[in-house]
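**Q** got a predicted structure here, sequence first:
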Amino acid sequence: MQHDATPGLSILIPTYNEAGNVAELVSRIEAAVCADPVLSIESTEILFVDDSTDDTPLAVARAAEAALLRITCIHREDRAGGLGGAVLVGAAQARYDLCLVMDGDLQHPPEKIAELYRTALGYEADVVIASRYAEGGMAAGLSGAARHAVSRASILLVRAMFPMRLYTCSDPMTGFFLFDRRAVDLDQLRPLGFKILLEMLARQKLRVVEIPFEFAGRFAGESKASMRQGLHFLRQLGQLRFGRMSGFAMVGVLGAVVNVALVWLLGRLGVGVVPATVIAAETTIVGNFLLQDRLVFGDLRSRHGFLGRFVRSFAFNNVEAALRIALVVQLVHLGWMSAAAATAVLLVVAFVLRYVFHALVVYAPARQYRV
């Protein structure tokens, strides 16, 4: 689509069940824009990218009727990529190249919008980050000591994993930032959940400037933070640092622990080496496939039906397992290793073979299987 070349600001607000916050949010954004000499009603727009199951789209429509600002609501049914995917959808539809991302719950104060915009213009930055942890910033809106501790620990972890890219960034996990669409290769991003800024900073070398802000409490509604989001974050971090193989390895490690534990437990219960190894192998083959299909190769599942994916994976893993079991029996028979130790060693060797097969065959483009 054609984009307006006039300097201006597109405010992208990904929402999920934020109906109670929309009217207040729009009112405060409009007041902040009107109060600043650099911004203007004519050159500022708001794009809500909505994944809600409540009346958020209706609330946006009502706010748009009363507002002076141009307001658009893009409602998504698929919710692909979570909040990060919503940001990319908004960026693709935005009228202006300077795009500001903020939450819809008023924990990101609209009164900071003008400062982010003016900082981007003054410093010619690719990304301007509103940081809770820069000097003068505060994270008071995080509920409880546990949330504060998790936030701090997460930031230390990502900065340790990306020391060069995040050297000068105090808050790569914030959801309140402005980016220049012309400087960010949006096609390179692989959003997963909340941390779209981390995707941008980790995958590309960008000019970053920070300003402090005070993270406020929610105006209405409930926090979307959950254990599931935490798992998405760990998966995202692993893929950013190590690629898809890291997720495959994490599932494989879990399966290996279960496999070895089952062999040991069944042995203690008097089950022979062969049946114990078979039972453990079949259990982990099915469990690993289900986890990998959802967590590791979830974005590629549309290339084949579930049954096709399962059959290919199950068949290969059983052939591999049969060979591995034969080797386990041989190693135990020779007295070189215990059954549990032999299983653990051979699982490490099998990991590479399984990953290559799944990446190139199970989740390969469907056309490779056309006759």
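**A** Perfect, I can see it now. Quick caveat, the model's predicted, so the values are computed rather than measured. Numbering: from 1, shown residues only.
**Q** how about Arg312: what's its closest non-neighbour residue?
**A** Val362 (4.7 Å; CB to CB, 6 or more residues apart in numbering). C-beta: built from backbone N, CA, C; applies to glycine.
**Q** contacts only, for that neighbour.
**A** Contacts for Val362 (CB atoms under 8 Å, 6 or more residues apart in numbering) come out as 297, 304, 309, 312-313, 316.
**Q** least confident pick among those?
**A** Across the contacts of Val362, the member with the lowest pLDDT is His304, scoring 70.
**Q** just the closest of the contacts of Val362 to Leu68, please.
**A** Checking those against Leu68 with CB to CB, the nearest one is Phe297 at 46.8 Å.
**Q** could you measure from that closest one over to Phe215?
**A** 35 Å (CB to CB, to the nearest Å).
**Q** ok, those two, which is more surrounded?
**A** Higher neighbour count among Phe297 and Phe215: Phe215, with 23 against 20, using other CB atoms under 10 Å.
**Q** poorly predicted segments of the stretch 1-150 of the chain, please.
**A** Scanning the stretch 1-150 of the chain for pLDDT under 70 picks out 1-6, 140-148.
**Q** all helices of it, in order?
**A** With DSSP state H, counting those that start in this stretch, the ranges of helices along the stretch 1-150 of the chain come out as 22-35, 56-66, 82-93, 113-123, 144-161.
**Q** between those, which gets nearest to Leu197?
**A** For the helices of the stretch 1-150 of the chain, the distance to Leu197 is smallest for helix 82-93, at 8.9 Å, taking CB to CB.
**Q** which residues outside that closest one are in contact with it?
**A** Here helix 82-93 makes contact (CB under 8 Å, 6+ apart) with 1, 10, 12-14, 16, 47, 49-51, 72, 74, 76, 79, 81, 99, 101, 175, 181, 186, 189, 191-196, 199, 232.
**Q** so which bits of it are buried?
**A** 82-91, 93 (16 or more other CB atoms under 10 Å).
**Q** tell me how far that helix lies from the chain's centre.
**A** Its chain's C-alpha centre and that of helix 82-93 lie 12 Å apart, by CA atoms, centre = their mean, to the nearest Å.
**Q** try stretch 266-286
**A** Mean C-alpha position of stretch 266-286 versus that of the full chain (CA atoms, centre = their mean) differs by 36 Å.
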